[in-house]
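[1] Provide a 3D model corresponding to the input given below.
(one chain, ligands or ions: 1)
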Amino acid sequence: MENSVQNRNLILIGMMGTGKSTVGTLLAAKLGYRMVDLDAELERREGRTIPDIFANEGEAYFRDAETAVLHKVLEDSGQVIATGGGAVLKEGNCRAMFHNGYVVALSARAESIVERVSLSADRPLLAGDVEGRVRKIMEERKDAYSFAHVTIDTTGVDAGEVAELILAHYRV
Ligand code: S3P
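    Predicted structure coming up:
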């Protein structure tokens with residue numbers, strides 16, 4: 001085994017629109033792991049949507065709530081965890097993910113991200129000029145995902161293939 005944490009959690013990080021939830025669902029089915037979508041888990045615990053939380057409490061509250069849910073989820077094992085794109089903004093979160101799972105970063109070119117995120121309107125950080133916001137956030141986070149055990153470029157690759165690429169790393 002390449003990594004002693006392999007049987008614990010497989011954690012997907014990466015920018016919005018890199019396919020973390022879709023790929024995570026496929027991986028969980030293939031591995032027989034439980035799928036945990038951190039955004040959905042946070043919404044369930046808060047009893048309201050992410051846009052609601054941003055609008056009523058602001059980003060700092062959201063980040064603290066996200067951190068609390070992440071740490072709670074990491075107490076368990078046998079999970080594929082799809083994180084929100086900003087879960088890496090707190091260094092303690094990165095440390096906790098790295099030590100409690102095999103961390104896979106999904107990357108993609110800006111054009112591909114813009115195309116994917118334009119399909120839904122549920123990301124408060126991208127309100128308004130979607131392309132401009134994506135490029136700015138990508139620049140701000142250009143090193144934020146590099147702590148992962150492995151990085152997979154998803155540009156032009158469908159979710160099934162991305163899942164297979166990840167399994168090839170995870171199962172060695
Ligand atoms: C965010 C990403 C979103 C969600 C929130 C903030 C971010 O999740 O957590 O809108 O800061 O990148 P996805 O990466 O699943 O879109």
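
[2] show me where the protein has strands.
    9-14, 34-37, 79-82, 102-107, 150-153 (DSSP state E).

[3] could the ones you listed be laid out in CSV, adding distance to residue 55?
    Yep, even glycine has a C-beta here, placed from its N, CA and C like the rest. Listed next are the strands of the chain as CSV, based on distance: least, Cβ to Cβ, whole Å:
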stretch, distance to residue 55
strand 9-14, 25
strand 34-37, 21
strand 79-82, 23
strand 102-107, 27
strand 150-153, 33
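
[4] From residue 151, how far out is the closest residue to residue 138 other than its chain neighbours?
    Of all residues not flanking residue 138 in the chain, residue 110 sits nearest, at 5.8 Å (Cβ to Cβ, 6 or more residues apart in numbering). Separation of residue 110 from residue 151 (Cβ to Cβ, to the nearest Å) stands at 16 Å.

[5] Next to the ligand in this structure, residues from the chain, please.
    16, 20, 39, 50, 84-86, 123-125 (Cβ under 6 Å from any ligand atom).

[6] Sitting in helices, which of those residues do you find?
    Using DSSP state H, 20, 39, 50 are the members of those that sit in helices.

[7] can you list those residues in TSV and add pLDDT?
    Listed next are those as TSV, based on pLDDT from 0 to 100:
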residue	pLDDT
20	98
39	97
50	96
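
[8] Any chance of CSV for those residues, columns distance to residue 171 and neighbour count?
    Shown next, in CSV, are those (distance: Cβ to Cβ, whole Å; neighbours: other Cβ atoms under 10 Å):
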residue, distance to residue 171, neighbour count
20, 20, 28
39, 27, 20
50, 33, 20
